[in-house]
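Trainee: Predicted model follows, preceded by the sequence.
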Amino acid sequence: MSSTAAAPVSRYLLEARGVRKSFGPTEVLKGVDLLVEPGKLVFLIGPSGSGKSTLLRCCNRLEEPDSGSIIMDDVDLLSPRADINAARRQIGMVFQSFNLYPHLTVQKNITLALRKVVGMSTADANARAAEMLALVGLPDKAASYPAQLSGGQQQRIGIARSLALNPKIILMDEPTSALDPELVGSVLAVVKDLRDRGITMVIASHEMNFAREAADKVVFLDGGLVIEEGCAEDIFLRPQEDRTRRFLAQIRH
Amino acid sequence: MEQFTQEFFNLDVMAKVAPFLLQGLLQTLLLCSFLIPIGLVSGILVMLLTTSPYRLLRWPAIVAVDFFRAFPPLVLLVFVYAGLPFIGLRVPALVAVAVAFLINSASYYGEIYRAGMVSVPKGQREAARSTGLSATQTLLYVTLPQAIRNVLPDLLSNTVELVKLTTLASVISVPELLHSANLARSLTYNSSPLILAAIIYLLLLLPVVRLIARLEHRL
């Protein structure tokens, strides 16, 4: 049984329970729970096709779950009455392929939602963009176009874009998988900085070393199910499940 | 050779009919001044229908677009002009031209926009929606501008075609440029007015064609 009603005050910022999702005949998520406490960094690990991305994308309804419940800050996201556009403002998303708007400058990439969704004045939005650019270490790139930036810089802009809306949580879908190895570090440094600022994040990633060092909780998915979860130390040093051990062994080689 | 020049490049005749042809040019420009903007906008509406997630909107729109792209515009024009009176609607020739060519050009523009939308990666829409932009805002600020940019040469090519399409209006005696030229030809017993009309079309459209080539090169 999945809980259908939100408790008045949950200790979790994000509480997904019994999430199921099929694409055609393939069931990608077979009843997954994901519980995220405020201020924590949760890592989703698992082989490709395990359902990590789909789970993340269900959490802001880029994919519609077939069943289950997703409660974000005591708002039932799957309720027909939920204002999904308002909810998505609270849920930042960072994509594997950055998905910056190529026809807009970096500044406009960051300010578009601030102006059109939040209703900020252009001046205020630009000031907010400058603040975010400083935060991700790219203060001089406001006037650049995405194509003029390296992959690592583009991803940091992607983070700045979602961070600008002051979301309660940021979901990152393999944020470093499309990057050249030497550019990964700059993005992870930003993620680490956000963690130190107490920003709640859920990250699907293969960066195991980073997970070990920075994650508050690690969730191992395989075949659409959560196989094992726990603190980083337990999962990496003392995995209880066979499938976890096999996956970690494969990753290390 | 002398005769050929007399028949097609008679400067005296050209000078005599030039004011008359300029009247025709004004009529052509008038036609274009509403056909092009309305065609460009209604093409977007057609695209929204043919890419709609709702089957009941999408399929009829796709069938209609296919039909009107394959249907000869001249026949469509005569149909609208001569056929509407039978259902009690007598429309001025200019309105018949507007209706017939809008149906035709909106279908063509619509298909071009659709190709443009298909060329925009899915992640663009997802990124926009994930920041809370509504479906309409996403279209307006994120996907449509990229789609238009990707198919700009095709949109311009179709616009050139549309300008040339207006010559068909001569069939129902709208006094546009070609109609004026043809009238001048029969009055002067000389083909030079047609050549003059062709020169005017060339002056009008060659810069656009050049621009298209440059845009295609840039992409």
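Mentor: It's in.
Trainee: Next one: the most centrally placed residue in chain A from chain B, what distance?
Mentor: Nearest to the geometric centre of chain A sits A:Leu171, at 1.4 Å (CA atoms, centre = their mean). Distance from A:Leu171 to chain B, counting by CB to the nearest CB, to the nearest Å: 8 Å. (C-beta placed from N, C-alpha, C; glycine too.)
Trainee: surely that residue meets A:Met93?
Mentor: Yes - A:Leu171 is in contact with A:Met93 according to CB atoms under 8 Å; the separation is 5.1 Å.
Trainee: what residues are shared contacts of those two?
Mentor: Contact criterion CB atoms under 8 Å, 6 or more residues apart in numbering or on different chains; residues shared by A:Leu171 and A:Met93: A:56, A:60.
Trainee: thinking again about what came up before, which element is the residue nearest to the centre of chain A on?
Mentor: Assigned by DSSP states H and E, A:Leu171 belongs to strand A:169-173.
Trainee: Give the pairing partners of that strand; include direction for each.
Mentor: Next to strand A:169-173 in the sheet, as set by DSSP bridges, lie strand A:91-94 (parallel), strand A:200-204 (parallel).
Trainee: nearest to B:Ile44, of those?
Mentor: The closest of the strands paired with strand A:169-173 to B:Ile44 is strand A:91-94. By CB to CB, the value is 27.8 Å.
Trainee: who's in contact with the closest one?
Mentor: A:56, A:59-60, A:62, A:72, A:155, A:158-159, A:162-163, A:165, A:167-173, A:175, B:126-127, B:130-131.
Trainee: Can you give me the buried ones in it?
Mentor: A:91-94 (16 or more other CB atoms under 10 Å in any protein chain shown).
Trainee: Same check on stretch A:119-137?
Mentor: Using 16+ other CB under 10 Å as the test for burial, stretch A:119-137 gives A:120, A:125-126, A:128-129, A:132-133, A:135-136.
Trainee: export the residues you listed to a markdown table and tack on distance to chain B?
Mentor: Formatted as a markdown table, those follow (distance: CB to the nearest CB, whole Å):
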| residue | distance to chain B |
| --- | --- |
| A:Met120 | 13 |
| A:Ala125 | 12 |
| A:Asn126 | 16 |
| A:Arg128 | 13 |
| A:Ala129 | 13 |
| A:Met132 | 13 |
| A:Leu133 | 17 |
| A:Leu135 | 17 |
| A:Val136 | 16 |
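Trainee: Buried ones among the contacts of strand A:91-94?
Mentor: Neighbour counting with 16+ other CB under 10 Å marks A:56, A:59-60, A:62, A:72, A:155, A:158-159, A:162-163, A:165, A:167-173, A:175, B:126-127, B:130-131 as buried within these.
Trainee: So which residues of chain B form helices?
Mentor: B:2-8, B:11-50, B:55-70, B:73-78, B:93-118, B:122-130, B:135-138, B:144-150, B:152-165, B:177-188, B:192-218 (DSSP state H).
Trainee: now the ones you listed as TSV including distance to A:Lys40 and mean pLDDT?
Mentor: Shown next, in TSV, are the helices of chain B (distance: least, CB to CB, whole Å; pLDDT from 0 to 100):
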stretch	distance to A:Lys40	mean pLDDT
helix B:2-8	84	86
helix B:11-50	42	92
helix B:55-70	44	95
helix B:73-78	64	93
helix B:93-118	39	94
helix B:122-130	21	96
helix B:135-138	31	96
helix B:144-150	37	95
helix B:152-165	47	94
helix B:177-188	72	89
helix B:192-218	48	89
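Trainee: for those helices, which one sits closest to A:Phe98?
Mentor: Nearest to A:Phe98, of all the helices of chain B, is helix B:122-130, at 8.2 Å by CB to CB.
Trainee: how far off strand A:169-173 does that closest one point, in degrees?
Mentor: Helix B:122-130 and strand A:169-173 are oriented at 170 degrees to each other (axes from the mean of the first three to the mean of the last three CA atoms, to 10 degrees).
Trainee: on contacts alone, who are the packing partners of helix B:122-130?
Mentor: Counting by 3 or more CB pairs under 8 Å, 6 or more residues apart in numbering or on different chains; DSSP states H and E, the packing neighbours recorded for helix B:122-130 are strand A:91-94, helix A:151-164, helix B:135-138.
Trainee: right, quick check: stretch B:208-219 against chain A, any contact?
Mentor: No - applying CB under 8 Å from any CB of the partner chain, one finds stretch B:208-219 separated from chain A by no less than 12.8 Å.
Trainee: in that stretch, what counts as buried?
Mentor: By neighbour count on 16+ other CB under 10 Å, the buried set for stretch B:208-219 is B:Ile212.
Trainee: can you tell me how far the residue positioned nearest the centre of chain B sits from B:Pro85?
Mentor: By CA atoms, centre = their mean, the mean C-alpha position of chain B lies nearest to B:Leu162, the distance being 2.2 Å. Applying CB to CB, to the nearest Å, the value for B:Leu162 to B:Pro85 is 26 Å.
Trainee: just A:Pro47 next, same as before
Mentor: For A:Pro47, the distance to B:Pro85 equals 71 Å [CB to CB].
Trainee: Neighbour count: the two, which is higher?
Mentor: Neighbours around A:Pro47 and B:Pro85, counted as other CB atoms under 10 Å in any protein chain shown, are more numerous at A:Pro47. The numbers are 17 against 10.
Trainee: Quick check, the more buried one in contact with A:Asp222.
Mentor: Yes - with contact defined as CB under 8 Å, A:Pro47 reaches A:Asp222; the gap is 6.3 Å.
Trainee: Kindly point out which residues are neighbours of both of these two.
Mentor: By CB under 8 Å, 6+ apart, the residues touching both A:Pro47 and A:Asp222 are A:Phe247.
Trainee: Strands of chain A, start to end?
Mentor: A:14-23, A:26-36, A:41-45, A:67-72, A:75-76, A:91-94, A:169-173, A:200-204, A:217-222, A:225-230 (DSSP state E).
Trainee: For the ones you listed, give me JSON lines that also has mean pLDDT.
Mentor: What follows is those, written out as JSON lines (pLDDT from 0 to 100):
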{"stretch": "strand A:14-23", "mean pLDDT": "95"}
{"stretch": "strand A:26-36", "mean pLDDT": "95"}
{"stretch": "strand A:41-45", "mean pLDDT": "95"}
{"stretch": "strand A:67-72", "mean pLDDT": "94"}
{"stretch": "strand A:75-76", "mean pLDDT": "90"}
{"stretch": "strand A:91-94", "mean pLDDT": "96"}
{"stretch": "strand A:169-173", "mean pLDDT": "96"}
{"stretch": "strand A:200-204", "mean pLDDT": "96"}
{"stretch": "strand A:217-222", "mean pLDDT": "95"}
{"stretch": "strand A:225-230", "mean pLDDT": "94"}
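Trainee: Put together JSON lines for those, with distance to B:Leu211 on each row.
Mentor: Formatted as JSON lines, the strands of chain A follow (distance: least, CB to CB, whole Å):
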{"stretch": "strand A:14-23", "distance to B:Leu211": "44"}
{"stretch": "strand A:26-36", "distance to B:Leu211": "48"}
{"stretch": "strand A:41-45", "distance to B:Leu211": "50"}
{"stretch": "strand A:67-72", "distance to B:Leu211": "50"}
{"stretch": "strand A:75-76", "distance to B:Leu211": "51"}
{"stretch": "strand A:91-94", "distance to B:Leu211": "39"}
{"stretch": "strand A:169-173", "distance to B:Leu211": "41"}
{"stretch": "strand A:200-204", "distance to B:Leu211": "46"}
{"stretch": "strand A:217-222", "distance to B:Leu211": "53"}
{"stretch": "strand A:225-230", "distance to B:Leu211": "57"}
